[in-house]
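Enquirer: Sequence plus the predicted model coming up.
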Number of protein chains: 4
Amino acid sequence: MSTGFFDGIDAITYEGPDSTNPMAFHHYNPDEVVAGKRLEDHLRFAVAYWHSFAWEGGDPFGGRTFDRPWYPQDNMDLAKLKADVAFEMFEILGNPFYCWHDADIRPEGDNFAESLKNFEAIIDYFAQKMESSKVKLLWGTANMFSNRRWMSGASTNPDPDVFAYSAATVKACMDATQKLGGANYVLWGGREGYETLLNTDMKQELDHMGRFLNMVVDYKHKIGFEGQILVEPKPQEPSKHQYDYDAATCYGFLQKYGLENEVKLNLEQGHAILAGHSFEHELATAAALGVLGSIDMNRNDYQSGWDTDQFPNNVPEVALAYYHVLKAGGFTQGGTNFDAKLRRQSLDAEDLIASHIGGMDICARGLKAAAAMLEDGGLEDALKDRYAGWEKPEAKAMLDSSLDAIFDRVVSENINPQPQSGRQEVLENYVNRFV
Amino acid sequence: MSTGFFDGIDAITYEGPDSTNPMAFHHYNPDEVVAGKRLEDHLRFAVAYWHSFAWEGGDPFGGRTFDRPWYPQDNMDLAKLKADVAFEMFEILGNPFYCWHDADIRPEGDNFAESLKNFEAIIDYFAQKMESSKVKLLWGTANMFSNRRWMSGASTNPDPDVFAYSAATVKACMDATQKLGGANYVLWGGREGYETLLNTDMKQELDHMGRFLNMVVDYKHKIGFEGQILVEPKPQEPSKHQYDYDAATCYGFLQKYGLENEVKLNLEQGHAILAGHSFEHELATAAALGVLGSIDMNRNDYQSGWDTDQFPNNVPEVALAYYHVLKAGGFTQGGTNFDAKLRRQSLDAEDLIASHIGGMDICARGLKAAAAMLEDGGLEDALKDRYAGWEKPEAKAMLDSSLDAIFDRVVSENINPQPQSGRQEVLENYVNRFV
Amino acid sequence: MSTGFFDGIDAITYEGPDSTNPMAFHHYNPDEVVAGKRLEDHLRFAVAYWHSFAWEGGDPFGGRTFDRPWYPQDNMDLAKLKADVAFEMFEILGNPFYCWHDADIRPEGDNFAESLKNFEAIIDYFAQKMESSKVKLLWGTANMFSNRRWMSGASTNPDPDVFAYSAATVKACMDATQKLGGANYVLWGGREGYETLLNTDMKQELDHMGRFLNMVVDYKHKIGFEGQILVEPKPQEPSKHQYDYDAATCYGFLQKYGLENEVKLNLEQGHAILAGHSFEHELATAAALGVLGSIDMNRNDYQSGWDTDQFPNNVPEVALAYYHVLKAGGFTQGGTNFDAKLRRQSLDAEDLIASHIGGMDICARGLKAAAAMLEDGGLEDALKDRYAGWEKPEAKAMLDSSLDAIFDRVVSENINPQPQSGRQEVLENYVNRFV
Amino acid sequence: MSTGFFDGIDAITYEGPDSTNPMAFHHYNPDEVVAGKRLEDHLRFAVAYWHSFAWEGGDPFGGRTFDRPWYPQDNMDLAKLKADVAFEMFEILGNPFYCWHDADIRPEGDNFAESLKNFEAIIDYFAQKMESSKVKLLWGTANMFSNRRWMSGASTNPDPDVFAYSAATVKACMDATQKLGGANYVLWGGREGYETLLNTDMKQELDHMGRFLNMVVDYKHKIGFEGQILVEPKPQEPSKHQYDYDAATCYGFLQKYGLENEVKLNLEQGHAILAGHSFEHELATAAALGVLGSIDMNRNDYQSGWDTDQFPNNVPEVALAYYHVLKAGGFTQGGTNFDAKLRRQSLDAEDLIASHIGGMDICARGLKAAAAMLEDGGLEDALKDRYAGWEKPEAKAMLDSSLDAIFDRVVSENINPQPQSGRQEVLENYVNRFV
Ligand SMILES: [Co+2]
Ligand SMILES: [Co+2]
Ligand SMILES: [Co+2]
Ligand SMILES: [Co+2]
Ligand SMILES: [Co+2]
Ligand SMILES: [Co+2]
Ligand SMILES: [Co+2]
Ligand SMILES: [Co+2]
């Protein structure tokens, strides 16, 4: 029996680019085959049980604006009602995946045991609903930042009891993720960082965080979880500084704690922007370092200094992102999660669906453009030309040489390199043929 | 015989905080002993042969504004005149150190051999001048970003000939640094990065940069250079993205290429700011990771998005920076370089001296405040209190435990952590007692 | 009878700069006479009934962290308890002023009439408490951004009913401000702006805002309110764009709607930073344009892209701000409000008091330094020298001349201007003598 | 006789969207009629004689990278050679307009008279070339920021002689603009601002700038120049602060000095970004205030904090910009100038042409999308719906009412407004149908 929340909205179907129906897909046809794979299998869209589905429209200067029937989500009936609405939404959108935090789906209890009981009950409820749904779990995660107990961090908290509470929480969430067949388990360290160095022992906190993540990996192996363990970088907000600043910082951290082969990254466009990077930079960095795991495809406003978490809407940008995803082999376990919030004036159920339609269409356009560029090969050819000198044996040999040997050669051969055009505008024009 | 450049300006002496003489030190008394060491030995000030001494006042919208007698520095006589003025300035300021790039000190030749010849001649000239001067070399470095040959990078250039030219250049600069008894050798990779990912193979470039830095370290050992090898992080400018983005990124890079015990960092306040960090963040990060080497104490305007390279002038900020330097043991080989430019309207020789006086005074005030805070111990005590829980055996044991073991304990002991105040404002007030 | 909230904290007294007592003033001695006026009368400190007193520690990723006894402030008893605690705090700090929004002080009713009834009752309660307190009202204001009714703006709302509700709300708040003898009435247009231009008619919204502000001014005159009407600029947050972007933008708006002689500005350091300006820029701009009214002395983190609203803690910055305030004549009706939030980990009543002590001490140091610089006159003398050429009759005459007449003179007299040093570093060093 | 600079590059023709020829237009067909006007007449493209044509590839860390035959442009022969190459480029691109600064086109003389002589000679040379070319002058302007004489400003300089030199310079440039039939005269105040408030009398400088601009307008009328006088806003760079910060600030300035009906704005995308605004914000603001004059269609990198002045390459952004241009009536005297620089690694003549092709194609796509949206009317209809309440008589009457009258109505009618969805995502999806 329907909750009635989406009354009047039918399952969204693909109508093609010429349709003017705002409640239809114009570019996302799940069954369309691109570069040998169905679009659905390329993109692996997930709805987020917090932002994209359940955001309630608050901001630092005002409370919730959306009316949602599960509010205030403080008992199991409301939690189940929320789940019912969520699964109706998955049915309407046909998204193949969803994601959750523990705190999104269960009422908070008075202590760990009570919260756990609620959590396990709702996981059972999910398991049951998933039997009759096509939706699968892309990832589970623990919310270790909202409750005031986490205000000074989770695994990096100065209080060992919070470390303990964090470990217990993640253990429960990993169990649930495995139970629901989740493809990944994600850790976002929103408060693993500091507000001020004046009260922070950075070295100790990093060591604790490294130890914690090793425990997570150990537990993964212990229970035989086959999904990826992913860390989601973000430079700041809510913390003044977050330890998982960006892809390169995370990689350094993983190396230091011996985890670079065990843990990959869940990269978010908005977090890339906050860190001063383009999304393709973060993707290319992770790919170069072998730690590209999954993505949150929600954009930030470049000119608002906080995480605006908007649905993607710029095809040229999205195309470059998927270009790097495809170049790195595409998603196998990872996928495209919408960690995106409706704008807080977008009150209606129709807005909730339309925003996802727009996001999915934009991603489909981007991915198709990326695949076309890869197939055409223009960018790869240009790269090959530009670095062709390094294919020569004497260039390769130089890399095994030494400063003084090279010095001798420069002097004796009077090496005097002449600049070659980098052709940036030509390549930008090339990309614009596809987007 | 004097060049006359500083006519009318005498050697700067310490006159104490009550003096209103703008051409005297008010806080920097080189011989004052602070925390067991002379101020001069703590601070180890260096004048930079490019910005702080020799900047000529250009910007992207206008040419040089300063008249300097060595202009256009295209022959050895002018290069020597420049050196004469420089050493007169060192005499006036009493700075114990200076720094150079090769391109700052010699005329560019038509090819490597010619440039080298000029370079070696000027190094001889420096060696001779240093015999009768107290000034020492803090570091040497190679300018591998100004000449158009470097426009696409040095060790990361798509053209192997540029890699070769870079290797030969650094070899020559390391030789010269050793010859002059330099305490460090620095690499700043201004164009080791990219303008657009469209024409960039990031993985290959990083591998080449890693290989190059290994060659540098090998050569250091080969010639028995006992100084530190330092990399100077900067996130961007001139490049759109620079590989040595910040301290954490550099550390990840050093680890990946096996160099984390061989190479340290030269951190610049301005570059920290551009990377979205406070200077103390970069210092604390490098200290926590064991790679704090030396500093460039020139600040950026927080609200200009480029490297403004101004002399420091905010005591509270500088005090926090030196607090982290002192906490990490203070400088032994490293020091305080002014990679700072006069504002381009500051035309006069008097401005050149006054700007250094101001910078040195601000640093002296900052260091004294930092030393006083360390001696008082208020911040360290607060840290100890905040993390006291981790001194307990059961907390330490937990770090060797596992998620499921901790889970059991949380459930059985009903661990329910209660937040404690972080006391940020109290600590900020404490700091303000000292600055 | 005391609420007990501040048990153990006595009234704060001045103990001088050498005191190490964290619960005493070290620089703020209300009775100290500086430049002919008591410090208290210079600074005119106000505690804000929202942030500095009553902030509860939420952020976009977590709920309240502070336990406050008036929570959830949904009935008159709790509102009165909150008032009791507030006035106890004023007693402890000795701040001469406070400020409120309507929504800070009364429970929200089910409709306008109910909210009004609550508001008037609490205003009566305030009036009664103020009889036995020294604290006065610096300003009142209306919160027209938190309740969901304001989500699309107040006077700029597409719905005329919201405009009406806004008008009624401001009328009630102005009445209350006058009743309590408030020195100013402030309007901050947090949602007077837009989220996206796609759904915004900017011209119409600006016209409505201009008309609204004219009504406010008319009503001021009608009721004989003698305080200043102040607009508080902020560039964005919560809105993507806020119409009252900065001082210069507000001035253009005031001119367009004929209000430049009726309305002044309440400038906040944090909002200046968000707009890409230094605080002294905003102050100098407002002073140059004759619209400097009052200040909110809470700083932003330069590197967090949102309004961090921290207590001031950098004396050199605060000194420059007060320098411009004093140069413009100092405060008569305006004052120094703390629109500052405790950090959300600063849980304790002691933090609440200590943060204000720190803020007040920093401001006192800044103001004393500013007064000393003005008395010394070094900066004013330097300005006079730099612009001395404009005192000459021929320079003054030129301003009444024309392009072609001046052209003739340049040619005939071969005018060929030579640059003079701007002496920025010398002036910065000068300032550092005082801070 | 050709200079040979573009040897091998023929005139660019329109080949349609399916062409893969990088040296052809794919979207810009000058004769295509869109919304009743030829594309060429809509877009009115101009090549800039400084950046887009003549930029030589320097940056703050390196000198020129491009080899250009007119270098160093220090005599009339080289200046004429430069002009020859420029007009060959106009022939190849078919751009209907170009723009210049005086300093771009003539060698600098030793004094005003010499520079003027050179300038007048080259203007004659241009006039002669324009007789046999289709290219027209979109605007002329004076470079009053590069030579060191302008280091402290032009009309705002503390030295009255610089004010005089500025007046004479602008007089000459306005004469030349009129002689060549220019459609506009532009003033960009790159150094009309300050480096530090410590040495700046902002009020005096603003008054001088206001007086100067009045002289410009007076001279326009005197000589009967029928073009627009345009000011180009930019927030900073090279100055720390520029008085013409953004559109709203300029409008306030124009009002203060009585010029709001005489002067319009030349808006640049890059400068909008630097000021923290979207380009469409600046366009919409100028349109709302009636001062939209012309545009510089060069973008900034959102994440580089300086003016990167890149050719446009993002269709969705460009479409929104032209949407506001068309909504405001389109260009009559104004046009689309490329104040865009090649990337400094783009060395070749082919890059120079390709970058313009790309820019012109992107603008053509954007304009066509904008025209299609306007014709479809979806956005305008949505606006009309959203503000429909204001069409009602009682809403209009309210605007002529008063706070207390409205208050009475709110109470008596129990007005209790209910939020309506802002539908942002729906509108964003709508736009994406067209781009
Ligand atoms: Co996010
Ligand atoms: Co995310
Ligand atoms: Co720098
Ligand atoms: Co440096
Ligand atoms: Co604020
Ligand atoms: Co405020
Ligand atoms: Co520009
Ligand atoms: Co421009």
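Expert: Structure's in. What do you need? If you're wondering where the values come from, they're calculated on a predicted model, not measured in any experiment. Ligands and ions are numbered 1, 2, ... in the order given.
Enquirer: The closest residue to A:Q242 other than its chain neighbours: what's it in contact with?
Expert: Spatially, and ignoring its direct neighbours in sequence, A:Q242 is nearest to A:G193 (3.9 Å; CB to CB, 6 or more residues apart in numbering or on different chains). Every C-beta, even on glycine, is put in place using the N, C-alpha and C of the backbone. Residues near A:G193 by CB atoms under 8 Å, 6 or more residues apart in numbering or on different chains: A:153, A:156, A:236, A:239-243.
Enquirer: Identify the residue of the stretch 1-150 of chain A closest to ligand 1, quick one.
Expert: The minimum distance from the stretch 1-150 of chain A to ligand 1, using CB to the ion, falls at A:H51 (7.9 Å).
Enquirer: That residue contacts A:N298, correct?
Expert: Yes - here A:H51 reaches A:N298: they are 7.4 Å apart, a contact under CB atoms under 8 Å.
Enquirer: Now the common contact residues for those two.
Expert: Shared contacts of A:H51 and A:N298, defined by CB under 8 Å, 6+ apart, are found at A:309, A:338-341.
Enquirer: Columns secondary structure and pLDDT on top of those, output as CSV?
Expert: Listed next are the shared contacts of A:H51 and A:N298 as CSV, based on DSSP: H, G, I helix; E, B strand; the rest coil; pLDDT from 0 to 100:
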residue, secondary structure, pLDDT
A:D309, coil, 98
A:F338, strand, 98
A:D339, coil, 98
A:A340, coil, 98
A:K341, coil, 98
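Enquirer: could you pick out which of the residues you listed are near ligand 8?
Expert: With the criterion set as CB under 5 Å from the ion, no member of the shared contacts of A:H51 and A:N298 is near ligand 8.
Enquirer: Of those, which is the nearest to C:G16?
Expert: Ranked by distance to C:G16 (CB to CB), the shared contacts of A:H51 and A:N298 are led by A:D309 at 49.9 Å.
Enquirer: can you give me the end-to-end distance of stretch A:24-41?
Expert: Counting by CA to CA, to the nearest Å, you get 20 Å between the two ends of stretch A:24-41.
Enquirer: model confidence over stretch A:62-72, on average?
Expert: Model confidence over stretch A:62-72 averages 96 on the pLDDT scale.
Enquirer: roughly how far is stretch A:366-385 from the heart of the chain?
Expert: In terms of CA atoms, centre = their mean, to the nearest Å, the centre of stretch A:366-385 is set 24 Å apart from its chain centre.
Enquirer: That one and chain D in contact?
Expert: No - judged by CB under 8 Å from any CB of the partner chain, stretch A:366-385 makes no contact with chain D; its nearest approach is 8.9 Å.
Enquirer: what do you get for stretch A:68-86?
Expert: No - Stretch A:68-86 is not in contact with chain D by CB under 8 Å from any CB; minimum separation 14.1 Å.
Enquirer: which strands and helices sit next to the longest helix anywhere in chain A?
Expert: Of all the segments of type helix in chain A, defined by DSSP state H, the longest one is helix A:349-376. Helices and strands touching helix A:349-376, by 3 or more CB pairs under 8 Å, 6 or more residues apart in numbering or on different chains; DSSP states H and E, are strand A:33-34, helix A:39-43, strand A:45-48, helix A:51-54, helix A:76-93, helix A:315-327, strand A:336-338, helix D:424-432.
Enquirer: So which bits of the longest one are buried?
Expert: By neighbour count, with 16 or more other CB atoms under 10 Å in any protein chain shown as the criterion, the buried positions of helix A:76-93 are A:78-93.
Enquirer: circling back: dump the residue contacts of the residue of the stretch 1-150 of chain A closest to ligand 1.
Expert: A:298, A:309, A:338-341.
Enquirer: Does A:L43 touch A:F338 like I think?
Expert: No - look at A:L43 against A:F338 with CB under 8 Å: they stay out of range, at 10.9 Å.
Enquirer: separation between A:L267 and ligand 6?
Expert: Distance, A:L267 to ligand 6, using CB to the ion, to the nearest Å: 36 Å.
Enquirer: ok, that residue touching A:A284?
Expert: No - using CB under 8 Å, A:L267 is not in contact with A:A284; the gap is 10.4 Å.
Enquirer: Please identify which helix or strand holds A:G334.
Expert: Counting by DSSP states H and E, there is no helix or strand that carries A:G334.
Enquirer: Now it. Nearest residue, chain neighbours left out?
Expert: Setting aside the residues directly before and after it, A:G334 is nearest to A:S294 in space (CB to CB, 6+ apart), at 3.0 Å.
Enquirer: How many residues are close by whichever residue of the stretch 251-400 of chain A sits closest to ligand 3?
Expert: Closest contact between the stretch 251-400 of chain A and ligand 3, by CB to the ion, is at A:G276 (16.1 Å). Close neighbours of A:G276, defined as other CB atoms under 10 Å in any protein chain shown, add up to 22.
Enquirer: Got phi/psi on it?
Expert: Here the main-chain torsion angles of A:G276 (degrees, to the nearest 10) amount to phi 90, psi 20.
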